[in-house]
Structures are given as structure tokens and as C-alpha cells.
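Participant: my questions are about this predicted structure, shown below with the sequence.
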Amino acid sequence: MTAETPDPAGTPRPAGAGPRRPIGELAFAVVCALLGVGVIVGAGAIRVPPGSASVLGPRVFPYFVGALLLVAAVAVIVAIATGHRGQPDDGEDVDPNAKTDWRAVVLLVAVFCSQLVLIEFVGWPIAIAVVFAGAALTLGAKRWWVAVLVGLGLGLATQLLFGTWLGLSLPAGPLLDWIPIFNG
Amino acid sequence: MDSLAALLEGFATALQPQYLLYALFGVFVGTAVGVLPGIGPAMTVALLLPLTYSLDPTGALILFAGIYYGGMYGGSTTSILLNTPGESASIVTALEGNRMAKAGRGAAALATAAIGSFVAGTIATVLLTFLAPGIAKLAVQLGPADYFALMVVAFLTVGALLGSSVPRGLVSLGLGLMLGLVGTEVLSGQQRYTFGVPSLADGIDVVLIAVGLFALGETLYVASRLRHGAVQIIPVTRGWRSWMTRSDWRRSWKPWLRGTAIGFPIGTIPAGGADVATFLSYASERKLAKGRAREQFGRGAIEGVAGPEAANNAAAAGVLVPLLTLGLPTTATAAIIISAFQSYGIRPGPLLFENQSGLVWALIASLYIGNVLLLVLNLPLVGMWVKVLRIPRPYLYAGILAFAGLGAYALHFNVFDTLTLLVVGVAGFLMRRYGYPVAPMVVGGILGPMAEEQLRKSMAISQGDLLYLVHSPFAIVAYSTMAVIVVTGIWLKRRRAKLEAAPKLVPTSAIQAIDEPTK
């Protein structure tokens, strides 16, 4: 949130600020630069309709966006190389001294991915229960059965509130479809 | 007065029982979600968007206005009562509010925040009522080149001013613009960057960008460095009935008004939104404080809560001025509101006051109502918000993930959106971790396509003459103002960094001793 070089609170650099060598930070900036290149290359592949009346075709703005992304990302790379590291975000639940818990991040992404399959095959309530219970356990919930029960409750409640009452077409899934109230 | 009659008509709509209920529900849910730690106003609005999907436009916007104001307010309760040592420097209210609470004066801090929000919100809404129609009338005469100028201003100010470094802000903006490119292009009907995927042909919804960055990205980031152990909340000792003493009132009313005067104008220009306003208000209160109040700064001075909280809410209303009159979002929250408008086929902009005047005035009237409801709800319900704060973190963030999934899936009932959300969320996590601001990305995602349209329209008018972009006085003024805003903005950021370094942390026991005589 604040200027990068002098740490505003005057505290020593938090341990969780990243690895000693900014490999991840550099990699992210490089990926952004590559995305910029990709946008520029991709712009060349956009079909310009023949005899188009507009002066500025559909390619110009993408070229501009790609260039902006590339230039800005290169500027960030230069900044990192000269020691101007990014300041990780603060937050109420963020422990500034904690080490990055990659296991939790990967598990959460995996848990979230499960929705891609589950929503269509077993329906909304169960998919949500899995996401909720999985995420809660990953983040250190003490009792697994509480997480599962709360997750199921949340799934059924959102199905009722959004599916039945507000009329969004959330699939109830084969396990619940026979119950009239979920079948609206 | 034209607008007065229109406003009364708006009240007639907004006061209908069903809409009043929507407003009440919106304020309540908005505050409840806004109180949750780690959830800012932008995330509140993004997460609660599915609630409005099946309502009629008027009802949806009224509900939305309530959520917006409630979410804005809810955050201050969190920062006052949540005891997270050493980490609160980024939230200005927490500087003094948190220390007041530690010294046993939490009730007074909450009360001055609530009443200040009400005062500022009401004054700012009055200003909005009388300024907006006039600005809309002027804005009708603007051509595409002028709009393009405004959008460039918004891009650069948001990109350069938010976050820690200018290049990082611009990368974030560029990523948003890139996502905005995806889809079928309006003028020539060509598909761009869709890779033959049918779901991408409609473009990437800004809601996905916002929910991905704020809900999913934030959750992943917090998960990576979660503060374990029990949640520490500072108890509010005195009941809300004895909230403010006479001296508290005396010390609060001027900061409220000053905060409003600072917050509203800053909200209306694209200069970084409420963050900048709250900081400026805090800095000026610190400077103006005399005698004992001055000594208390950094140890729980009520002025340091009253001013910034008022500035925060005044800025929230100020943001609505460019949003409603020009269709120009200046904050991430505003970008989400615009996308909500768009999902109803309503295009905010100068014509809104003519074409949809009933709707706009109902919305503005509901802002007044929302403000009153906030005041009525918040003081008595503090006890409930404290319980909300105690939700164990694993369940809290699991719930946020579940609702993020709902928000994505309910857009088109297609899991492809869930996948897009995940990709944006991972990007958001990395951006937070490496110090990139995420708001420019949301603004870029919504403004990019609009800016391209205006640019191409102006080029079509001028037959490709680039000088057309600066032919009108308005555009020239806009570009020169931009230069001024960016320069002052960067100056302000330097000052803020200096100021945040200033308040010395004193042990809590010392605060108690100093504060005791204040009855």
C-alpha cells in the first residue's frame, strides 16, 4: 500500500515478504511481459474485415494494450533488479511474520477446481459442501464433521435461497432432484 | 427546483414498502459482510451481486445502494474492534479507533464513526442531488474525443496512484485492459483472443474479474499467511447508550464537517477514491489538533476517527457523481456497480437522467434512506457485529470461497466462468503477494472496451486525424488536469508514507492512564 523502499512502520522486513532472492517476483513480472508480447502477436491474427469503413481497425487498440503491458512489466523487472521490491499487501488476518504456506494455496486451488466437475454431476448443494468443508479443513478447522455439516447446510441454504426463492437455475443434482422444493 | 421535484418522486418510489425492505436488507447484509475481516467494500459488493440477479432494475439498484453504503461503513467497525497488532497502519480509522478501543473507549469510537458517516453521507448525498443533473446536462454535449480524454485520465490516475509503484499499477491496468479485449469486438464484429472458445466470445464479465481478484485472490493470499490462534477482539465495555460524552461531541462535529469537505470532492475525481480522502482527513485533523487532543493523537484521539470516517463516506457518495453522470468508474467498487447497471441494459452516462430518470432518482432517494437505516441499525447492533467478527477464520474464508463460486456460476450457469474466476483469482493472489494493486485491473477491465469504442468513434469522425483527440477545450482541460492530479497524487503518497511512519506505538497500559481523565 505504501512507498516501497523505506518500510513505513519502521519495522524490520517481514519474514513472509518473499524469498531472499526475488525469483517468484521476477517470474511474475516476466510472465506479464510475455503476456504483453502475446497480446501484440495475437493482435496480428485478428481478422480485419475487408472494406471496413472505420479508420481504426480492430487491431490498433490491442497493439496499444500489449505495448503498455510489455513496457510496464519491463519497468517492474528493472525496478526489481535495482532492489525496489514490491510490498506484500497487509490485511487484518494476515500474519506479517508467517512464511508462505504454499500447501494451503495449492490445496485451496484444488478444492475450488472440484466445482468444475461436481456442480454438473452431483449438483450445487454437494459441490458447495465439498468446497466449504475442503477449504475449512485446509485452513485449519478443528473438527471435520462441523466443517462438513456447515458446508452441507450452506449448500442447501443457498440452493433454497438462490435456486428456489430467487429463481436462479442452480442444478440441485440427482440426489435432491426428486424433492419437489428443489425441483422448481 | 427541477431536481427537488424529481427527488420527491424518487422518494415516493423508494419508500414503497417492498423497496424499503430491499434497502433495509441491503444495508443489513452489506454491513454484516463488510464487518467481516479482510472484506473491503469492493469485495462486499462483488460477493453480494448474485442477490440482485433476479430482481427488477429499481429493486436491484436500491438493494445495491444499501449494500454499497453498508459495506463502506462495516469496515470501520472491524478496524476499531479487531486487535491485530502492528498491522493496521494501512487503515486510517484503525490508527486512532483501535487505540481508543484498547483504552476502553470503543463505544465512543464506534459512535463517532457511525454518526460521522451519517452526517457526511447525508451532506454528500445532498451535494450529489444538486450537482449531478447539472453535470449530466453539460456532459450531453461531450463528444467521443472528450469521453476518450476522461477515460485516459481515469486510467492513468487509477493506474499511477493506487499501489506502491507506478509501473506496478500500470501492469495491473494492462492486465485488466487485456481481459477487456477478449470477446467479440463491437464495431466490426470480429472475435479477438477467444481461441475459438464459445464462452469467451461474449467477453469476460467484469464481475468475474472483481470476484476473482477480491474474493478468491484475497482468500488465497490470506491462506498463504494466515494468522493462526484465537481471534482477539477488544471488548466494548460501555453499552451503546452511553456512547459519546459531551466533550466527544464537541470534538467530533468539526472533524465530521471537514472530513465531508475533503471526502466529497476527492471522491468525484479519479484520484484513488476513499483511501486518499481518509488519509488526507486524518493528516489535517492531526495538524489542526491542539492541546490535549494533540497529545492524544497516535494514542486514541477521537478526531482521528471522526474525520476519516466522515471523509470515507463522503467519498463513497462522491464516487457516484462521475459514475451516474459520465458512466465513469473511478474505483473498483464503482466498476462493479457499472457492470451491475449494464446487466440490466442500463448504460450510466449523461443520458441516464433523461432516459431513466425514475430509476436514478429512486436510487438517489434510497441513498438518503440507506444512510438513516445505517445509523439506526449500527449503534444498537454493535453486539451482533462483534459476534460476526468472532467467526473462526477457517469457516469465514471457506464461506467466501463458496460465495465466490456462486457468484461466478450464477452469471451464466456455466462452469467455464468458474474456471476463468480461478485463473483471475490465482493472478490476484500473486499480485497481492508481489505488491501490485488490484483495483486498476478491475477498472481497466470495464473501461477498456468503452475507451476503445470512443477512440474509434472519434477516429471515424476525424478520418484518422489524431489531433482531433485534443481539438476541444474540454479534452485539453482534462489532459492538463490529469497531469496535475498525477503529480499531486504522487506527492500525497510520499507524504502519507512519511505520516504513517510518524505515530509512535505506545504500550496499551500507558494509553489507559492518559485517557482516564476524559470523562
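Facilitator: That came through, no problem.
Participant: list the contacts for the residue most central in space within chain A?
Facilitator: Taking C-alpha atoms, centre = their mean, the centroid of chain A lies closest to A:V109, which sits 8.6 Å from it. Contacts for A:V109 (C-beta atoms under 8 Å, 6 or more residues apart in numbering or on different chains) come out as B:L220, B:L422, B:V426. Every C-beta, even on glycine, is put in place using the N, C-alpha and C of the backbone.
Participant: tally of neighbours for the first one?
Facilitator: Which is B:L220. 25 (other C-beta atoms under 10 Å in any protein chain shown).
Participant: was I right to think it contacts A:V105?
Facilitator: Yes. Applying C-beta atoms under 8 Å as the test, B:L220 and A:V105 come out as touching, 5.3 Å apart.
Participant: could you name every residue contacting both of those two?
Facilitator: With C-beta under 8 Å, 6+ apart as the test, B:L220 and A:V105 both reach B:F429.
Participant: leaving out the residues flanking it, which one is nearest to the closest residue to chain B within chain A?
Facilitator: Going by C-beta to the nearest C-beta, chain B is nearest to A:G86 of chain A, at 2.3 Å. Distances taken as C-beta to C-beta, 6 or more residues apart in numbering or on different chains put B:G435 closest to A:G86, at 2.3 Å, once the chain neighbours are dropped.
Participant: ranges for the helices of the stretch 351-500 of chain B?
Facilitator: Under the criterion DSSP state H, counting those that start in this stretch, the stretch 351-500 of chain B contains helices at B:352-355, B:357-378, B:382-389, B:393-412, B:415-433, B:439-462, B:473-501.
Participant: ranges for the strands of chain B?
Facilitator: B:183-184, B:191-192 (DSSP state E).
Participant: can you lay out those strands as TSV showing mean neighbour count, mean pLDDT and distance to A:A157?
Facilitator: TSV is the format used below for these (neighbours: other C-beta atoms under 10 Å in any protein chain shown; pLDDT from 0 to 100; distance: least, C-beta to C-beta, whole Å):
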stretch	mean neighbour count	mean pLDDT	distance to A:A157
strand B:183-184	16	86	34
strand B:191-192	20	86	40
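Participant: quick one: closest of these to B:Y53.
Facilitator: strand B:183-184 (20.8 Å; C-beta to C-beta).
Participant: helices or strands next to that closest one in the packing?
Facilitator: Where contact means 3 or more C-beta pairs under 8 Å, 6 or more residues apart in numbering or on different chains; DSSP states H and E, strand B:183-184 is packed against strand B:191-192.
Participant: note down every partner strand of the strand it packs on and its orientation.
Facilitator: strand B:183-184 (antiparallel) (DSSP bridges).
Participant: next, the residues that contact the partner strand from outside, please.
Facilitator: B:Q190, B:Q191, B:R192, B:Y193, B:T194, B:L200, B:A201, B:D202, B:G203, B:I204.
Participant: just the buried subset of those residues, please.
Facilitator: B:Q190, B:Q191, B:R192, B:Y193, B:T194, B:L200, B:G203, B:I204 (16 or more other C-beta atoms under 10 Å in any protein chain shown).
Participant: could you list the low-pLDDT ranges of chain A?
Facilitator: Residue ranges of chain A with pLDDT under 70: A:1-21, A:51-54, A:181-184.
Participant: so where do the helices sit in it?
Facilitator: Taking DSSP state H as the criterion, chain A carries its helices at A:23-44, A:60-81, A:102-122, A:124-138, A:144-158.
Participant: please identify the deepest-packed of the ones you listed.
Facilitator: helix A:124-138 (a mean of 25; mean count of other C-beta atoms under 10 Å in any protein chain shown).
Participant: that one packs against which elements?
Facilitator: helix A:102-122, helix A:144-158, helix B:393-412.
Participant: how far is it from where the chain is centred?
Facilitator: 17 Å (C-alpha atoms, centre = their mean, to the nearest Å).
Participant: how much space separates B:F155 from B:R251?
Facilitator: 41 Å (C-beta to C-beta, to the nearest Å).
Participant: B:L419 too?
Facilitator: 53 Å.
Participant: extract the residue ranges of chain B that are flagged as low pLDDT.
Facilitator: Ranges of chain B meeting pLDDT under 70: B:1, B:83-91, B:162-164, B:229-231, B:237-242, B:271-273, B:496-519.
Participant: in it, which residue sits closest to chain A?
Facilitator: For chain B, C-beta to the nearest C-beta, closest residue to chain A: B:G435, 2.3 Å.
Participant: how many neighbours does that residue have?
Facilitator: Counted with other C-beta under 10 Å, B:G435 comes out at 23.
Participant: next up, phi/psi of it, please.
Facilitator: Dihedral pair for B:G435: phi 80, psi 30, per degrees, to the nearest 10.
Participant: cool, B:L36 as well?
Facilitator: Dihedral angles (degrees, to the nearest 10) for B:L36: phi -50, psi 130.
Participant: that one touches B:R393, doesn't it?
Facilitator: No. Using C-beta under 8 Å, B:L36 is not in contact with B:R393; the gap is 10.2 Å.
Participant: gap between the two ends of stretch B:194-214?
Facilitator: 24 Å (C-alpha to C-alpha, to the nearest Å).
Participant: is any residue of that stretch near chain A?
Facilitator: No. Using C-beta under 8 Å from any C-beta of the partner chain, stretch B:194-214 never reaches chain A; the gap is at least 9.2 Å.
Participant: so what's the gap between that stretch and the chain middle?
Facilitator: Distance, centroid of stretch B:194-214 to centroid of chain: 22 Å (C-alpha atoms, centre = their mean).
Participant: equivalent analysis for stretch A:66-84, please.
Facilitator: With C-alpha atoms, centre = their mean, you get 22 Å for stretch A:66-84.
Participant: what are the contacting residues of it?
Facilitator: Counting by C-beta under 8 Å, 6+ apart, A:4-5, A:22, A:25-26, A:29-30, A:32-33, A:35-43, A:86, B:165, B:167-168, B:170-171, B:173-175, B:177-178 sit against stretch A:66-84.
Participant: now do stretch A:148-166
Facilitator: So stretch A:148-166 is contacted by A:124-133, A:136, A:168-170, A:172, A:176, A:181-182, A:184, B:50-51, B:53-54, B:395, B:398-399, B:402, B:406, B:410 (C-beta under 8 Å, 6+ apart).
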